[in-house]
Structure formats: C-alpha cells, structure tokens
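Visitor: Mind folding the following:
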Amino acid sequence: MNIHARVPVGVLGASGYVGQELLRLLAGHPRAAVAFATAESAAGERRDGVELVRVEDAPLGRAEIVLSALPHGVSARYVQEARGLGKRAVDLSADFRLSPDAVYGLTEVTRSHVAAADLVANPGCYPTAALLALLPLARGGLIDESREVVIDAASGVTGAGRALKRDLLFGEVAEDFRAYAAGNEHRHLPELKATLVRESGFTGDLVFTPHLLPIKRGILETIHVPLTRVIDRATAEGIYETVYANEPCVAVLHGALPSLKDVVYRNRVAIGVAPVAHVRRPRLTVIAAIDNLVKGAAGQAIQNMNVMLGLPETAGLTC
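Guide: Have a look, this model is predicted:
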C-alpha cells in the first residue's frame, strides 16, 4: 500500500446519527477518504462535503472497504453485495454479530482476527462497555457463576436512532429518567452472553436493564459482579491495568470512577472499580463509560477498519 495514498471508504446509511458520526470522523482521517455515502430521504444533500446517493445507486466498486450503518435487517443485503465485488466490510448493524460468517469486532479482544477478516461485525454499544468491563474478571476466574451479574446501563437518546418516535421527543425525555426492556429481554443480551462464553468460558447468568438518559450521547454502565474471593480496590485496578496497559482506547481509572465527561466525543472506554462493603459474600462494582456513537459505534468501526487495512489503529480517532 502506498503510504501516502488515502484508502477509499464507502459509507452506507450516512444520514442517521451513527452514519453522520462516521462521516465526521472520516473527514479528519489522515489515511482515508469517503468514496461515496448513501441515504434515502436525504439523497442529493451534502454532508461533510460528500453528496449522498441512494443505496441502490451506491458505486460499491469505488471503495476498498465499506462501513455499513444501515438498519438492522437491511444492512446484510448490501454488505453481501459489497463482498460479492471483493470489498471488505465493517457492519455496524446487528445482522452479523452472532454469525459465523463475520469476525466479532471488539477490537481489544479480537484484534488478530479482525486484521485478517473480510467482514467484521461491529459490537453493539451496550455490549462494548459491558464486555470490556467483564472479560478481565471472567478470564481470571473471579466471577462467581452461581450468582447473577447485574448490569444497569443508561444511554443517551441517540442510541435509539434518528427515526421520529414520540417517546424520544424532547418534551417526553427532558427531566425524566426511565428503564426500558425490563425483565432481561433486551436484544443485546444474546450478544453479551455469546461473547462472554466464547472469549472467557463464562456461562453464568446476566441481568441486563437499560435506561434512557435525557442527554444526547454517552453510556454509563454500573455492573454488580459477584466474586469468587475478596479483592481490594488496588488489586482490582491492577487486574484491569495489566490487561489494558497497552490499549490506547481503554482508560483504567485509579481511585476514581468514570463519568460521561471522560468519554464523550472520544473512542474510549473508561473503567473504574469499587469493592462493595456491608455484604455477606464478596462483590465488586465496576463502572464503564463510553460514547455510544464513537467507541460504541462509529469510532470502533474505524478502529476496526484501521486494523483491517494495516493502518495505525487510532488514525482519525481521539482516544
């Protein structure tokens, strides 16, 4: 590859929040250039200097790699069309996350597989934070599988997409805070469980409850982890530091817990821990924060793209 050449990148579904974030990040990428970008109702408009075209008119042959932010259930068709033309792809929908046809693109965990992949399935935003928080403990045999791991996760409204929905109007969301998909029924749960089994052998129960924050972007997850033995804060922080010491997009906090201010507009997960007092059996509270549109979607897709193309992993990203 010519070290001065810019890789042509196609963006499918560029009018949604995630697609817009892809265009924003690619506009500042030193080694990539947008070859085309698609939208439906917004076709003909310009975003970040790129004229949007309908997906049926996408010149797939112009791109070396395609990033698809099309809706779940729609994306797979166009990703497969691109692959049929010999293009590599990162799919940001849920269409391939549980498929053996794609590499699961949790970059810090599956990097070597991502590098060789033709198709990468970008993880969901909630699973990205939860998995990076849980895998170091699960791989160390520190999670007591006889008790449930409880994940309380809160996300800004951009996580629900850009389509008009009454319950996401400003007047409905402002000055409110509510849970949804209660009862352990959220669609990200199978992805979480399957990845934990595959990457650590953990087979215990998860109880996952998402919440809607009255903000635009950001996810904060409070994860209650039952432990097989007592560990103090310094030991827990040391476990994460050892695992993530060389990871540019993971920040392990010492003596502090993350907030959304630590991560918004950054391709970063911030992790902090607190041992739980006044309980009969050992527990650890792990707090993980990400920007749902960056590390939870567009930023991680570009991180994966960089790995696939042999570019510096953080090119075009602020971690």
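Visitor: From the rest of the structure, what touches stretch 175-192?
Guide: 94, 97-98, 123-124, 126-127, 130-131, 151, 154, 206-214 (CB atoms under 8 Å, 6 or more residues apart in numbering). Every residue, glycine included, has its C-beta placed from N, CA and C.
Visitor: among those residues, which ones are buried?
Guide: With neighbours counted by 16 or more other CB atoms under 10 Å, the contacts of stretch 175-192 contain buried members at 94, 97, 123-124, 126-127, 130-131, 151, 154, 206, 208-213.
Visitor: which residue sits closest to Val230, ignoring its sequence neighbours?
Guide: Leaving out its chain neighbours, the residue that sits closest to Val230 by CB to CB, 6 or more residues apart in numbering is Pro282, at 4.5 Å.
Visitor: can you map out the strands along the stretch 1-150 of the chain?
Guide: 7-12, 32-38, 46-47, 50-53, 65-68, 88-91, 103-104, 119-121, 149-155 (DSSP state E, counting those that start in this stretch).
Visitor: Just put those in a markdown table and tack on mean pLDDT and distance to Ala82.
Guide: Putting the strands of the stretch 1-150 of the chain into a markdown table (pLDDT from 0 to 100; distance: least, CB to CB, whole Å) gives the following:
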| stretch | mean pLDDT | distance to Ala82 |
| --- | --- | --- |
| strand 7-12 | 98 | 7 |
| strand 32-38 | 97 | 11 |
| strand 46-47 | 81 | 20 |
| strand 50-53 | 90 | 15 |
| strand 65-68 | 98 | 4 |
| strand 88-91 | 98 | 5 |
| strand 103-104 | 98 | 16 |
| strand 119-121 | 98 | 9 |
| strand 149-155 | 97 | 29 |
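Visitor: can you tell which of those strands is closest to Gly296?
Guide: Evaluated over these, closeness to Gly296 peaks at strand 149-155, with 8.5 Å, by CB to CB.
Visitor: Mind giving me the packing neighbours of the closest one?
Guide: With contacts defined as 3 or more CB pairs under 8 Å, 6 or more residues apart in numbering; DSSP states H and E, strand 149-155 has these neighbours: helix 125-139, strand 206-212, strand 219-226.
Visitor: Show me the contact partners of the shortest one.
Guide: The one in question is strand 206-212. So strand 206-212 is contacted by 126, 130, 148-155, 157, 160, 173, 176-182, 184, 186, 188-189, 192-193, 196 (CB under 8 Å, 6+ apart).
Visitor: Next up, the contacts around the residue lying closest to Ala133 once chain neighbours are set aside.
Guide: Here the nearest residue to Ala133 in space, its sequence neighbours aside, is Ala288; by CB to CB, 6+ apart that works out to 4.1 Å. Counting by CB under 8 Å, 6+ apart, Ala288 makes contact with Ala129, Ala130, Leu132, Ala133, Leu220, Glu221, Ile223, Pro258, Val269, Ala270, Ile271.
Visitor: element containing the last one, please.
Guide: With secondary structure defined by DSSP states H and E, Ile271 is part of strand 269-275.
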